[in-house]
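Engineer: Build me a model from this:
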Amino acid sequence: MDFTVSGNDIILRQPDFALSETLDCGQAFRWKKVSDDSDRCEVYEGYFLNSFLRISEGEEKGVFILHNTQEKDFLDKWYNYLDLSTDYGELKRRFSEDEMLARACSYAGGIRILRQDSWEALSSFIISQNNNIPRIKGIIGRLTEHYGGYPEVSQLAGETAESLAFLRSGFRAKYLTDAVERLLSGELDLASIARLPLQDALKELMKIRGVGPKVAMCTLLFGMHRTDAFPVDVWMKRVLERWYPNGLPDCVKGCEGIAQQYLFHYIRNEPV
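Structural biologist: Model prediction:
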């Protein structure tokens, strides 16, 4: 990773990173691709909690512009959020010891795991259950509009499934309020859960009404950067049945969640 300050922008040179593959792969729901004067320039706008970022990727591969971003904000916030400290090139070399993963890494080599806030990830993936990405983004958009930003847990104190009807989130509202109650009561603490062994962390998160293994694993991977967490949905079930009936290869040990993202993207867009 290399960056320079150019006026009010940060020019980032970063290999193994692509905006669409990272921001539009289903791990975060507050990013959107926006139009630009040039079809040759890919531009996204989005938020980490309540911090806004406009980021573009130009014609030169591996060069990005973080618009209207101060160096302090880049180093204090976006460097960590975009996981720029992790050597994904080395991870892909390691994963490519396996033939199938070599194909997946080659197909979408710009995927990175965002380091999201644990509460935002938990609540977002509760909302995501049995849902599609446009609807998830719509619900989260109504949530942030109502609260003037992504609400902290304390801001949802006293909310009920009925009072959250404006979200149009259906059965998911009662799961969201249950999570709020358990966190505010001190029964659950996300920072403490993040430090637990994986299976213990899963059990704690699954105390929340409506939170099963997949939502818990997504929370651990995307909200706590537990790269050993391996979410399994219908797509990943197909991956396991088709290519890994005897389990994942040893080369992904400790980073199963990162490998999952490459495999997930590949099977959903599998080249003919």
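Engineer: okay, now the domains of this structure?
Structural biologist: In the domain annotation for the chain, the residue ranges read 2-85, 118-224 (automatic domain parsing).
Engineer: Out of those, which gets the lowest mean score?
Structural biologist: The weakest mean pLDDT among the domains of the chain belongs to domain 2-85, with a mean of 92.
Engineer: What is the distance between that one and the centre of its chain?
Structural biologist: For domain 2-85, the gap between its own C-alpha mean and the chain's C-alpha mean amounts to 15 Å (C-alpha atoms, centre = their mean, to the nearest Å).
Engineer: can you check stretch 181-188 too?
Structural biologist: Distance, stretch centre to chain centre, for stretch 181-188: 24 Å (C-alpha atoms, centre = their mean).
Engineer: circling back: got JSON lines for the domains of the chain, with distance to residue 241 and mean neighbour count too?
Structural biologist: In short, each C-beta sits where N, CA and C put it, glycine included. Formatted as JSON lines, the domains of the chain follow (distance: least, C-beta to C-beta, whole Å; neighbours: other C-beta atoms under 10 Å):
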{"stretch": "domain 2-85", "distance to residue 241": "20", "mean neighbour count": "16"}
{"stretch": "domain 118-224", "distance to residue 241": "16", "mean neighbour count": "17"}
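Engineer: Of these, which is nearest residue 244?
Structural biologist: With respect to residue 244, and counting by C-beta to C-beta, the nearest of the domains of the chain is domain 118-224 at 16.5 Å.
Engineer: would you turn the domains of the chain into CSV with distance to residue 103?
Structural biologist: Compiled in CSV, those are given as follows (distance: least, C-beta to C-beta, whole Å):
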stretch, distance to residue 103
domain 2-85, 15
domain 118-224, 22
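Engineer: now for the ones you listed, which one comes closest to residue 261?
Structural biologist: Closest to residue 261 of the domains of the chain, according to C-beta to C-beta: domain 2-85, at 6.6 Å.
Engineer: Report how far apart the opening and closing residues of that closest one are.
Structural biologist: Domain 2-85 has an end-to-end distance of 11 Å (C-alpha to C-alpha, to the nearest Å).
Engineer: Would you mind pulling the contact partners of stretch 218-229?
Structural biologist: Here stretch 218-229 makes contact (C-beta atoms under 8 Å, 6 or more residues apart in numbering) with 27-28, 83, 113-122, 125, 128, 190, 193-194, 198, 201-202, 205, 211, 217, 230-231, 254-258, 260.
Engineer: Tell me which entries of those lie within helices.
Structural biologist: 118-122, 125, 190, 193-194, 198, 201-202, 205, 217, 256-258, 260 (DSSP state H).
Engineer: Would you map the helices across the stretch 51-200 of the chain?
Structural biologist: Using DSSP state H, counting those that start in this stretch, the helices of the stretch 51-200 of the chain run over 71-73, 79-81, 88-95, 99-107, 118-127, 133-147, 172-185, 190-194, 198-205.
Engineer: Distance to residue 62 added to those, as a markdown table?
Structural biologist: As requested, the helices of the stretch 51-200 of the chain are exported to a markdown table (distance: least, C-beta to C-beta, whole Å):
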| stretch | distance to residue 62 |
| --- | --- |
| helix 71-73 | 20 |
| helix 79-81 | 16 |
| helix 88-95 | 11 |
| helix 99-107 | 16 |
| helix 118-127 | 27 |
| helix 133-147 | 27 |
| helix 172-185 | 39 |
| helix 190-194 | 31 |
| helix 198-205 | 33 |
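Engineer: for those, which one sits closest to residue 162?
Structural biologist: Comparing these against residue 162 with C-beta to C-beta, the closest turns out to be helix 172-185 (8.2 Å).
Engineer: what's the angle from the closest one to helix 198-205?
Structural biologist: In terms of direction (axes from the mean of the first three to the mean of the last three C-alpha atoms, to 10 degrees), helix 172-185 departs from helix 198-205 by 110 degrees.
Engineer: quick one: residue 80 and residue 115 touch, right?
Structural biologist: Yes - between residue 80 and residue 115 there is a contact under C-beta atoms under 8 Å: 5.4 Å.
Engineer: that older thread, out of the helices of the stretch 51-200 of the chain, which is closest to residue 17?
Structural biologist: Among these, the nearest to residue 17 by C-beta to C-beta is helix 88-95 (7.5 Å).
Engineer: Only alpha carbons, please: show the closest one as PDB.
Structural biologist: Output in PDB follows, covering the C-alpha atoms of helix 88-95 (Å, rounded to 0.1, in the frame of the first residue of the first chain):
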ATOM      1  CA  TYR A  88      -4.100 -10.400   0.100                       C
ATOM      2  CA  GLY A  89      -1.500 -11.200  -2.500                       C
ATOM      3  CA  GLU A  90       0.100 -13.500  -0.100                       C
ATOM      4  CA  LEU A  91      -3.200 -15.000   0.900                       C
ATOM      5  CA  LYS A  92      -4.100 -15.700  -2.700                       C
ATOM      6  CA  ARG A  93      -0.800 -17.400  -3.300                       C
ATOM      7  CA  ARG A  94      -1.400 -19.500  -0.300                       C
ATOM      8  CA  PHE A  95      -5.000 -20.400  -1.200                       C
END
